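A.B. asks: How does the following fold in three dimensions:
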Amino acid sequence: MDEGLTRDELTDLYRRYGYALHRRCTVLLRDAASADDALQETFVKLLRSGAGVRNADQPLRWLQRVADRTCFDQMRRTKHLRRADSIEDESAASIAAPPGIDVEARSAALRVLSRLGDDEQSLAVMAYVDGLTQAEIARELGVSQPAIHKRLVQLRERATRALGERS
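C.D. replies: Now for the predicted structure:
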């Protein structure tokens, strides 16, 4: 079992990456209070079993994956309490998409994120939050670029259908 981090290591990570991770949680959960909870849960996980970050080539990317999974878990737990695709607070709306990202596609993907499976959620985040290219996503996931293209087309279609069903 993976060991946790020391309090000093955790404090250092929070100082270096806490703001970026909180912004990410706010974008994913579309609610500042939920993002606060997710960030706290992320750092509790790191305290208990986050030693893997010590050897990570890209610590921020490693931490983002932990935060993403925490947010996805929170979406599943709170799905019955609120509709994440219909609620967005001002703090989430004020976080602009990275350059080069289709803003409408990003908004649609984020609005249906809670309804997606694990693989689709990760793909949506890489494409519409991180702004990775299809080639970068393919390398990250270890699949071909045409496979990523196909998955993104399917994701866009699913998001469009889901949003159309709400109207």
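A.B. asks: Closest to the centroid, which residue in the chain?
C.D. replies: residue 68 (3.8 Å; Cα atoms, centre = their mean).
A.B. asks: For the helix or strand hosting it, which outside residues touch it?
C.D. replies: Assigned by DSSP states H and E, residue 68 falls within helix 59-78. Contacts with helix 59-78, where a contact means Cβ atoms under 8 Å, 6 or more residues apart in numbering, come from 13, 17, 20-21, 24-25, 28-29, 34, 37-39, 41-42, 45-46, 50, 52-53, 56, 84, 113-114, 118, 121-122, 125, 130. To be clear about C-beta, it is placed using only N, CA and C from the backbone, and glycine gets the same treatment.
A.B. asks: Please save the CA atoms from it in CSV.
C.D. replies: The C-alpha atoms that make up helix 59-78 are tabulated as CSV, following Å, rounded to 0.1, in the frame of the first residue of the first chain:
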residue,chain,number,x,y,z
PRO,A,59,3.9,16.5,-10.1
LEU,A,60,1.1,18.9,-11.1
ARG,A,61,-0.3,16.5,-13.7
TRP,A,62,-0.1,13.7,-11.1
LEU,A,63,-2.0,15.9,-8.6
GLN,A,64,-4.5,16.9,-11.2
ARG,A,65,-5.4,13.3,-11.7
VAL,A,66,-6.0,12.8,-8.0
ALA,A,67,-8.2,16.0,-7.9
ASP,A,68,-10.1,14.9,-11.0
ARG,A,69,-10.9,11.5,-9.5
THR,A,70,-12.0,13.2,-6.3
CYS,A,71,-14.3,15.5,-8.2
PHE,A,72,-15.7,12.7,-10.3
ASP,A,73,-16.4,10.7,-7.0
GLN,A,74,-18.1,13.7,-5.5
MET,A,75,-20.2,14.1,-8.6
ARG,A,76,-21.4,10.5,-8.3
ARG,A,77,-22.1,11.0,-4.5
THR,A,78,-24.1,14.2,-4.9
